[in-house]
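Novice: Need the 3D shape of this:
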Amino acid sequence: MLSEAILRNQVIQKAWEDPGFKQRLLTNPKAALQEALGIELPDNITLKTVEEGSNEFYLVIPPSPASGVMKTDLTTLSTW
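Specialist: Model prediction:
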């Protein structure tokens, strides 16, 4: 979990510093991560990138444990 948070922070920092990367991240996030950081996500994983405004906040609700999909089941996190 710690490495996931570190990576997320690195991606955000890069987006703040590099407008071109930020634009690619918004339009094609998987390609942007592959190109800039060498992170390759499998085709069966969908990645959505949104930009918060100063008066917006996005709350991500993960899958319910009752659904049978647990974050620890996602083997792609190890590549993150």
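Novice: for the chain, what spans make up the helices?
Specialist: For the chain, the helices defined by DSSP state H cover 2-17, 19-27, 29-37.
Novice: Identify, out of these, the most deeply packed stretch.
Specialist: Highest mean neighbour count of those: helix 29-37, a mean of 16 (counted as mean count of other Cβ atoms under 10 Å). Heads up, the C-betas are built off the backbone N, CA and C, glycines and all.
Novice: Counting by contacts, list what it packs against.
Specialist: helix 2-17, helix 19-27 (3 or more Cβ pairs under 8 Å, 6 or more residues apart in numbering; DSSP states H and E).
Novice: which one of those helices lies closest to residue 61?
Specialist: Smallest distance to residue 61 across the helices and strands packed on helix 29-37 (Cβ to Cβ): 17.0 Å, for helix 2-17.
Novice: I'd like to know which elements that closest one is packed against.
Specialist: Against helix 2-17 (3+ Cβ pairs under 8 Å, 6+ apart) you get helix 19-27, helix 29-37.
Novice: make it 7 Å
Specialist: Contact here means 3 or more Cβ pairs under 7 Å, 6 or more residues apart in numbering; DSSP states H and E; on that basis helix 2-17 packs against helix 19-27.
Novice: hmm, who's touching the helix it packs on?
Specialist: 14-15, 31-32, 36, 49, 51 (Cβ atoms under 7 Å, 6 or more residues apart in numbering).
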